[in-house]
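Asker: Turn this into a model:
(one chain, ligands or ions: 1)
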Amino acid sequence: MPYAAFRSIGAYVPPNVLTNEDLTKMVDTSDEWITKRTGIKERHIAAKDEKTSDMGTKAARKALDRAGMQPEDIDMVVCATISPDYFCMPATATIISANLGIKNATAFDISAACTGFIYVLSIAKAFVESGMKKNVLIIGAEKLSAITNYQDRGTCILFGDGAGAAVITATQKREEAILDVHTASDGSYADLLMTPNGGSGSVHDALDRETAGCYMQMKGNETFKVAVRTLTQDVRDILEANGIKSDEIDHFIPHQANYRIIKAVGDALKMRDDQVVLTVAKYGNTSGASIPMAINDLYESGNLKKGEMMLLDAFGGGLTWGSALVPFAPFE
Ligand code: COA
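Answerer: Sure thing, here's the model as predicted:
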């Protein structure tokens, strides 16, 4: 049976920055409040004509280049997004494939909100280990600004845009193998974080985005509490299941939703500060893109070395959550 190896990482961050100061001109808030409650200082916002697939394509191109692979090598493309280019179809993954010149590959999107990257990682691992696919391109790409209500101070301070991508390939080397991926959900919490309308569950006919509820809505405080509790347990479970202690982890790379959530989970797991990767201050919450963007930051800072063990964890709308133990395994 082949193993699945995490070969490369890439990301794209749109240049336009929205600072906390900018937000004080849009809603009743302050830099102090946002910084204290979330750790976020700024987030990047895509250009009006820049689509999720455009950002995903740029991130994916970098990941392919860094893996030394050509578009024709890729036999599956999976994109995690809750802000696809088009409602229903076509899938953003098919557009990214076309942009990159990837032909005849299986391509589809998955919707698991902020846990999206861990879900696509589990899909890539399963397809590669089963022998059905050899080289899988996984992407987390989000234009959350397109589904954010900039009159709602409870959500608009949190979210940003961006994309990250990775190449997962088959290997025979045990030491390169992605060790484990956990994914889970509990739909009874669906109303904590949702875009209530625009789908078949819509109760409004009106197409006005604001009144029709096509924007994200969130019960932030309840989400916060479930996030800390669930993430801490989930990470404990994956470490225990694999006989790994938290001090053996080289890089703890949590979903970047809120500094206080990351800190609470990190403290509960006794993670040292130097193990924890933090990008929330500069990117905000980019949902499915946040983990690969954080891995890319670590890689570009020169601090992600071959063989080092990454512990990923995420939590998001659904509710969904997951974690993964992933050694970084670039080709020689
Ligand atoms: N600026 C200033 N005040 C704000 C505000 C803002 N942007 N947003 C809310 N407030 C106010 C509220 O109205 C409330 O005022 P009140 O006490 O007069 O009623 C007060 O701040 C506290 O609100 P609360 O919602 O309890 O704050 P909080 O400490 O829970 O922080 C979040 C709000 C959204 C930052 C926090 O709940 C959070 O991060 N939740 C998790 C979100 C998340 O990670 N979601 C994605 C999951 S992947």
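Asker: Every contact and neighbour count from this point should use C-alpha atoms.
Answerer: OK.
Asker: list the buried ones in stretch 165-177?
Answerer: Ala165, Ala166, Val167, Ile168, Thr169, Ala170, Thr171, Glu176, Ala177 (16 or more other C-alpha atoms under 10 Å).
Asker: ok, of those residues, which one's closest to the ligand?
Answerer: Within the buried residues of stretch 165-177, proximity to the ligand (C-alpha to the nearest ligand atom) peaks at Ala165, which comes in at 19.0 Å.
Asker: Who's the closest spatial neighbour of Lys51, skipping the chain neighbours?
Answerer: Nearest non-adjacent residue to Lys51, counting by C-alpha to C-alpha, 6 or more residues apart in numbering: Asp85, 6.0 Å away.
Asker: and that neighbour, that's in a strand?
Answerer: No. Under DSSP: H, G, I helix; E, B strand; the rest coil, Asp85 falls outside any strand and is assigned coil.
Asker: Tell me the residues of the stretch 151-300 of the chain that contact the ligand?
Answerer: Arg153, Gly154, Ile157, Gly220, Asn221, Thr223, Phe224, Ala257, Asn258 (C-alpha under 6 Å from any ligand atom).
Asker: So which of these sit within helices?
Answerer: Under the assignment DSSP state H, these contribute Gly220, Asn221, Thr223, Phe224 to helices.
Asker: Low-confidence regions, this structure specifically.
Answerer: The chain contains residues with pLDDT under 70 at 203-213.
Asker: Quick one: the strands in it, in order.
Answerer: 3-12, 17-19, 42-44, 76-80, 106-110, 135-143, 161-171, 180-185, 193-194, 217-218, 251-254, 309-316, 320-327 (DSSP state E).
Asker: Among the residues of the stretch 151-300 of the chain next to the ligand, the buried ones, what's the PyMOL command?
Answerer: Restricted to buried positions by 16+ other C-alpha under 10 Å, the PyMOL selection for these reads:
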select buried, resi 153+154+157+223+224+257+258
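Asker: Of the residues of the stretch 151-300 of the chain next to the ligand, which is the nearest to Glu129?
Answerer: For these, the closest approach to Glu129 (C-alpha to C-alpha) belongs to Ala257, at 31.0 Å.
Asker: Next up, the contacts around the spatially most central residue of the chain.
Answerer: Nearest residue to the geometric centre of the chain (C-alpha atoms, centre = their mean): Gly288, 2.6 Å. Residues near Gly288 by C-alpha atoms under 8 Å, 6 or more residues apart in numbering: Ala80, Thr81, Ile82, Ala112, Ala113, Cys114, Thr115, Gly116, Phe117, Gly140, Ala141, Glu142.
Asker: Dump those to a markdown table, plus distance to the ligand and neighbour count.
Answerer: Output for those, formatted as a markdown table (distance: C-alpha to the nearest ligand atom, whole Å; neighbours: other C-alpha atoms under 10 Å):
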| residue | distance to the ligand | neighbour count |
| --- | --- | --- |
| Ala80 | 14 | 34 |
| Thr81 | 13 | 33 |
| Ile82 | 12 | 25 |
| Ala112 | 10 | 26 |
| Ala113 | 7 | 28 |
| Cys114 | 5 | 33 |
| Thr115 | 8 | 32 |
| Gly116 | 10 | 33 |
| Phe117 | 12 | 36 |
| Gly140 | 14 | 37 |
| Ala141 | 15 | 39 |
| Glu142 | 13 | 35 |
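Asker: Can you add distance to Glu240 and give the residues you listed back as JSON lines?
Answerer: Formatted as JSON lines, the contacts of Gly288 follow (distance: C-alpha to C-alpha, whole Å):
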{"residue": "Ala80", "distance to Glu240": "27"}
{"residue": "Thr81", "distance to Glu240": "30"}
{"residue": "Ile82", "distance to Glu240": "31"}
{"residue": "Ala112", "distance to Glu240": "25"}
{"residue": "Ala113", "distance to Glu240": "26"}
{"residue": "Cys114", "distance to Glu240": "24"}
{"residue": "Thr115", "distance to Glu240": "21"}
{"residue": "Gly116", "distance to Glu240": "23"}
{"residue": "Phe117", "distance to Glu240": "22"}
{"residue": "Gly140", "distance to Glu240": "28"}
{"residue": "Ala141", "distance to Glu240": "31"}
{"residue": "Glu142", "distance to Glu240": "32"}
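Asker: Give the phi and psi angles for the residue in the stretch 1-150 of the chain that the ligand sits nearest to, as a check.
Answerer: Per C-alpha to the nearest ligand atom, Thr29 is where the stretch 1-150 of the chain lies closest to the ligand, at 3.6 Å. Taking degrees, to the nearest 10, you get phi -150, psi -180 for the backbone angles of Thr29.
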